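Engineer: no sequence on hand, only this structure:
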Ligand code: COA
């Protein structure tokens, strides 16, 4: 049996064997070729939160693993952070803004309900001629957007696609709700998706996603949409803020993130031990640890930066990619597993060979 895109011999035929053979036969591969971030400098520490709600630094650290979050100054919007991340990619790669063909912005905190934040980013970075759109699936947004981008690249219609995960969570958080306000921070991360000439150059191998709308009520922002249009009443009831049942979300996440990863790995005859770098969504350190334990990925291969950023929703994965690069723990050809979970409920996983 030949090794597949994952470069690991598989025990027997499965659905992904067909996928891999199809991909290889067409030599239509896509890879991540650059990453950039936009992080506001201002910090909100656990000690700062002690002054806002009845909590302690020790409680937050023990129950979530978070020490601090980056937060925007008043007036800074998602498109500002997203454009900063995009500009870093342009600077690294030498691409001109006009080389960018498509911008996909994953966010639940668009600057405005309309126009799409992708349009605002396009204008800010000067990507004349590009098209784009926003994708809204909360914490799974970046991963789902990556898969969309990959389709455009492997079908040969696009060569330079910017995928941006950005959220200004402070704009939708109730800073009197101690269960929720301790978790979230602001930030943006972007990845450039380009064609790849070979497996060695890096490539996406497979994705697996799943949504379960029965979990919708447990993590939601009930006001301001078509169900509860904004009114004095919705504001009085604080429906314009994130509402969550932390325990239910925790239980879903602690089980689901690992489960979807196992299913994806099994499609390739792999286990967590085969993974070089595991980059999980950063929602709660205990959720990450539950996934790591189930997957049995060695601890030194797991990227964790929740202590620094908190949960930045759609931005956690690209921010964690940048952390891995900064720490010298991610190199070209590494077998990387990404995992997401979040509101919806939604979950996702991606297997790739790192591309730069
Ligand atoms: N500081 C101090 N005490 C707090 C607190 C805080 N910030 N938040 C909650 N508590 C209290 C609760 O009121 C409760 O007190 P009680 O026993 O007197 O009722 C106690 O701590 C335990 O609460 P519990 O909800 O069991 O805590 P937890 O260990 O489940 O942690 C979360 C709460 C929110 C941190 C945790 O449930 C979580 O992370 N859930 C997932 C949230 C998430 O990831 N959301 C985004 C998904 S992408």
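Structural biologist: Thanks, I have it. These numbers were taken from a predicted model, which means no experiment stands behind them.

Engineer: please count neighbours and contacts with C-alpha atoms only from this point.
Structural biologist: OK.

Engineer: tell me where the stretch 1-150 of the chain is predicted with low confidence.
Structural biologist: 1-27 (pLDDT under 70).

Engineer: residues from it in reach of the ligand?
Structural biologist: Residues of the stretch 1-150 of the chain found near the ligand (C-alpha under 6 Å from any ligand atom) are 55, 56, 59, 60, 63, 64, 139.

Engineer: format the residues you listed as TSV; extra columns: secondary structure.
Structural biologist: Output for these, formatted as TSV (DSSP: H, G, I helix; E, B strand; the rest coil):
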residue	secondary structure
55	coil
56	coil
59	helix
60	helix
63	helix
64	helix
139	helix
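
Engineer: tell me where this structure has helices.
Structural biologist: Applying DSSP state H to the chain gives helices spanning 15-26, 46-50, 57-64, 78-93, 117-125, 141-154, 178-181, 232-236, 246-267, 285-295, 306-309, 316-326.

Engineer: who does the third one touch, helix- and strand-wise?
Structural biologist: Under the contact criterion of 3 or more C-alpha pairs under 8 Å, 6 or more residues apart in numbering; DSSP states H and E, the helices and strands touching helix 57-64 comprise helix 46-50, helix 285-295.

Engineer: next, the angle from that helix to helix 285-295.
Structural biologist: Here helix 57-64 points in a direction 30 degrees away from that of helix 285-295 (axes from the mean of the first three to the mean of the last three C-alpha atoms, to 10 degrees).

Engineer: about what we covered before: among the residues of the stretch 1-150 of the chain next to the ligand, name the buried ones.
Structural biologist: 55, 60, 64, 139 (16 or more other C-alpha atoms under 10 Å).

Engineer: distance of the closest residue to residue 97 other than its chain neighbours from residue 121?
Structural biologist: Distances taken as C-alpha to C-alpha, 6 or more residues apart in numbering place residue 127 nearest to residue 97, at 4.4 Å, with adjacent residues excluded. Look at residue 127 and residue 121: by C-alpha to C-alpha, to the nearest Å, they are 8 Å apart.

Engineer: residues in contact with residue 201?
Structural biologist: 31, 332, 333, 354, 355, 356 (C-alpha atoms under 8 Å, 6 or more residues apart in numbering).

Engineer: just the residues of the stretch 1-150 of the chain next to the ligand now: which is nearest the ligand?
Structural biologist: residue 55 (3.6 Å; C-alpha to the nearest ligand atom).

Engineer: mind listing the strands for the stretch 101-250 of the chain?
Structural biologist: Under the criterion DSSP state E, counting those that start in this stretch, the stretch 101-250 of the chain contains strands at 102-106, 131-135, 161-168, 186-196, 203-211, 219-220, 243-244.

Engineer: burial-wise, tell me which of those strands comes out on top.
Structural biologist: When you average the neighbours per residue for each of the strands of the stretch 101-250 of the chain (mean count of other C-alpha atoms under 10 Å), strand 161-168 leads with a mean of 33.

Engineer: angle of it against helix 78-93?
Structural biologist: 140 degrees.

Engineer: enumerate every residue touching residue 183.
Structural biologist: 64, 66, 283, 284, 310, 311.

Engineer: looking at the helices of the chain, which is nearest to residue 72?
Structural biologist: helix 78-93 (9.0 Å; C-alpha to C-alpha).

Engineer: name the helices or strands packed onto the closest one?
Structural biologist: strand 29-38, helix 117-125, strand 161-168, strand 186-196.

Engineer: mind listing what's buried in it?
Structural biologist: 78-90.
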